[in-house]
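Visitor: My questions are about this predicted structure, shown below with the sequence.
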Amino acid sequence: MDTRQWMSVTLFLATAIMLFVSFLSYRKRHLPVAKTMILIMLSAAFYALGYAFEVLSRNLDEMKLSLQIEYIGIPFVSTLWLLLAIQFTGTAVRYRRRLVLLLFIVPVIVFFLHLTNDWHHLIYEQYILNTDSAIPLYTTIKGPWYEVHTLYNYSVLLCGILLFIPMYWRALPIVRKQIVVLLLGAAAPMFLNTFFWTGLSVDLTPFGFAVSGIAYVWGILRFNLLRLTPLALAKVFETIRDGVVLLDYEDQIVSYNRAAEEVLPELGLTKRYPADMEKVLTANPELLERIRAASGGEERFPFHSVHANRNKYYNCSISLVYDSGNILIGRILMFNDITELKESEARLRENARQLSELNAFKDKLFTVVAHDIRDPIALLVSLTELLGDEWTAADFEHAELVRELKGQVQSTFNLVDNLLDWYRSQKGKVVFRPLGWNLQQVVRQALLLSGAKAGMKQIRMLENIDEKLTVRADKEMLDLILRNLLSNAIKFTGIGGEIEVGAALEGDMIVVSVRDNGAGIDDETSELLRLEEPFLKGLVSGDDSGDTRFGIALTREFVRIHGGSLWFESEPGIGTTFSFTLFGSAGIRETFDNGGWEEDANESYFGGR
């Protein structure tokens, strides 16, 4: 096999390698860099294939045809490699389309100039038969545009290399290996091309592309060259919201992201990396000590700094990084910003302190109400009763006014009393001691206490309760429940009306009802009474039923404490029935306070006509 034959075979093999790289890249064709790699390898393949035919050519026409095949790739291969470098490094993202158009102006011109070279000879001026050697068959005299294109090729290759250098110094080890592969792919053809300019008649550049193809195959299969580009890794690294600092096994800071520079501004002051951790972080001795102390596993610790007169708080973690085996290759230092959380906690603590002070003030206020307001109002109630008796006998003309005054004072006293009872229940100061009580006797005692008030309006009060019914309840709470319900019924029942208290056993619960034939409850008030709020809204100026609504809310609360529920039914103009449930039975009576009652009748009258 002569020289021409082994050179052509070698060039055909180089073409096959570059086509194989194109096939590997096609499998990742959804990535822009993979598409560019396909075009680079196809261009280089045309170059190598055409040169193989040029070596085998036997006349000038065959040589010119071979050159046309070569120039399908020659004008574009270097520019495509620069485009690959631009995509990897993320250069000129906003202006990339316009930049690509500018870059390909010269290659396109060269392509068409060679296609029409026989008309103007701007690429090759002459073809001289080589009588001294069989390779090449013809020696070419280069035209001015050949030199322009050569200078352009070296310029774009140099620009690509300059783009990769700064990325290499800050890249992860795996990314550095990818960059080396890409640089080798450009350096091999460029290096072999320089021999052509030293006087060697044979163009070795296509053989350099064979080296590039082998390097790219190695990079794709070994270093995931087209799976995750350096730009993609850099973007992921830079867009992490937490600060990240990478250290190698010698505690040299290899890289960091923008968030880390916000935490440690001194990182940006260091011009060259890798850099000694001790020198870079001199202003943070505590952080240095923590990093030195991290020996195994993941360690977490707090970190505090001041930026722009604002305290910044971070949760820091140090993680060890191992290679595919168990060899330590570095550490990752991460800063998680928790400043907002800390400030929110501080605000919550301040709010809690203020609420505690307000609660303490509220407690003092209720204590004042209990001791300094309730007793004077109780005294006013007694005085208005005495004045009412005297003025009614002496001055009938003012009797109605005194009666109204007496009612208002009594209503205020009931409201204050209910308010204090509710406050004690909310503070847990109401002692719940349920015992067995005869319901009939408890109701009769409540009716007796309300009898005087009902008698003033000539209201007939009836009790219709089986003497065997026994409830399990707290006596004081049950008295308050009955007192409020009876007081409300008396207030809204007209002169000569009727109020009936009844009870019925339903399973293990006793349903107690207080029915009146008064004015009933309008729809608006019904909605207010059904609200689960102690302080009911919607009070109308001059409305004297605020204490009633609060009393119902308090009654509902005490019924719930007993495990029961409270509800009511009302029809305006016909009357209202309030009902509540208590645990009880109709069996043998348990211990109870009979309140001085001995009657066995199921129906009694209080305050009747």
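Guide: Happy to help now that I have it.
Visitor: Which strand in this protein has the most residues?
Guide: strand 310-322 (DSSP state E).
Visitor: could you say what helices and strands that strand packs with?
Guide: Here strand 310-322 touches helix 285-293, strand 299-307, strand 328-337, helix 339-368, going by 3 or more Cβ pairs under 8 Å, 6 or more residues apart in numbering; DSSP states H and E. From N, CA and C alone the C-beta is placed, and that goes for glycine too.
Visitor: Is Met18 part of a helix or strand, or is it coil?
Guide: helix (DSSP: H, G, I helix; E, B strand; the rest coil).
Visitor: residues in contact with it?
Guide: 41-42, 44-45, 48, 209-210, 212-213 (Cβ atoms under 8 Å, 6 or more residues apart in numbering).
Visitor: can you do 6 Å?
Guide: Contact analysis of Met18 by Cβ atoms under 6 Å, 6 or more residues apart in numbering lists 41, 44-45, 213.
Visitor: For the stretch 501-609 of the chain, give me the ranges with low pLDDT.
Guide: 532-550, 587-609 (pLDDT under 70).
Visitor: Can you list the residue ranges for strands in it?
Guide: With DSSP state E, counting those that start in this stretch as the criterion, the stretch 501-609 of the chain has strands at 509-516, 566-571, 575-585, 605-606.
Visitor: okay, the residue in the chain sticking out farthest from the centre: pLDDT?
Guide: Farthest-out residue of the chain from its mean C-alpha position, per Cα atoms, centre = their mean: Thr131, at 79.6 Å. With respect to pLDDT, Thr131 has a value of 73.
Visitor: before we move on, what about Ser66?
Guide: On the pLDDT scale, Ser66 gets 90.
Visitor: Now the host helix or strand of it - C-alpha only, CSV.
Guide: Using DSSP states H and E, Ser66 sits within helix 60-70. Coordinates of each C-alpha in helix 60-70 appear next as CSV, following Å, rounded to 0.1, in the frame of the first residue of the first chain:
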residue,chain,number,x,y,z
LEU,A,60,-7.1,18.6,-12.0
ASP,A,61,-10.9,18.2,-12.5
GLU,A,62,-11.0,15.4,-9.8
MET,A,63,-8.9,17.6,-7.5
LYS,A,64,-11.3,20.6,-8.0
LEU,A,65,-14.3,18.4,-7.3
SER,A,66,-12.6,17.1,-4.1
LEU,A,67,-12.0,20.7,-3.0
GLN,A,68,-15.7,21.5,-3.5
ILE,A,69,-16.5,18.6,-1.1
GLU,A,70,-13.9,19.9,1.4
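Visitor: Check which helices and strands it is in contact with.
Guide: helix 32-56 (3 or more Cβ pairs under 6 Å, 6 or more residues apart in numbering; DSSP states H and E).
Visitor: Show me what the helix it packs on is packed against.
Guide: Short answer (3+ Cβ pairs under 6 Å, 6+ apart): helix 32-56 packs on helix 3-26, helix 60-70, helix 74-89, helix 205-223.
Visitor: Assign the residue farthest from the centre of the chain to one of the three secondary structure states.
Guide: coil.
Visitor: How much space separates it from Asn484?
Guide: 129 Å (Cβ to Cβ, to the nearest Å).
Visitor: can you check Val512 too?
Guide: 13 Å.
Visitor: coming back round to it: so which of the helices and strands packed on helix 32-56 is the most surrounded?
Guide: helix 74-89 (a mean of 24; mean count of other Cβ atoms under 10 Å).
Visitor: What are the contacting residues of that helix?
Guide: 32-33, 36, 39-40, 43-44, 47, 103-104, 107, 110-111, 153, 156-157, 159-160, 163, 167, 186, 229-231.
Visitor: Which residue, other than its chain neighbours, is closest to Gln440?
Guide: Ile465 (4.4 Å; Cβ to Cβ, 6 or more residues apart in numbering).
Visitor: my guess is the one you found contacts Gln441, does it?
Guide: No. Using Cβ atoms under 6 Å, Ile465 is not in contact with Gln441; the gap is 9.2 Å.
Visitor: can you tell me which residues contact Gln126?
Guide: So Gln126 contacts Ile141 (Cβ under 6 Å, 6+ apart).
Visitor: what's the answer for the one 10 residues further on, then?
Guide: By Cβ under 6 Å, 6+ apart, Pro136 lies in contact with nothing.
Visitor: what do you get if the cut-off is 8 Å, keeping everything else the same?
Guide: 54-55, 63, 130, 201-202.
Visitor: Read off the pLDDT value for Ala370.
Guide: At Ala370, pLDDT is 61.
Visitor: no, scratch that, I was asking about Leu101
Guide: 91.
Visitor: so where does it fall, helix or strand?
Guide: helix 96-103.
Visitor: Can I get that helix in PDB, CA atoms only?
Guide: Written as PDB, here are the backbone C-alpha positions of helix 96-103 (Å, rounded to 0.1, in the frame of the first residue of the first chain):
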ATOM      1  CA  ARG A  96     -26.800  35.700  20.400                       C
ATOM      2  CA  ARG A  97     -28.800  35.500  17.200                       C
ATOM      3  CA  ARG A  98     -27.400  38.800  15.900                       C
ATOM      4  CA  LEU A  99     -23.900  37.600  17.000                       C
ATOM      5  CA  VAL A 100     -24.300  34.300  15.100                       C
ATOM      6  CA  LEU A 101     -25.300  36.200  12.000                       C
ATOM      7  CA  LEU A 102     -22.200  38.300  12.200                       C
ATOM      8  CA  LEU A 103     -19.900  35.400  12.800                       C
END
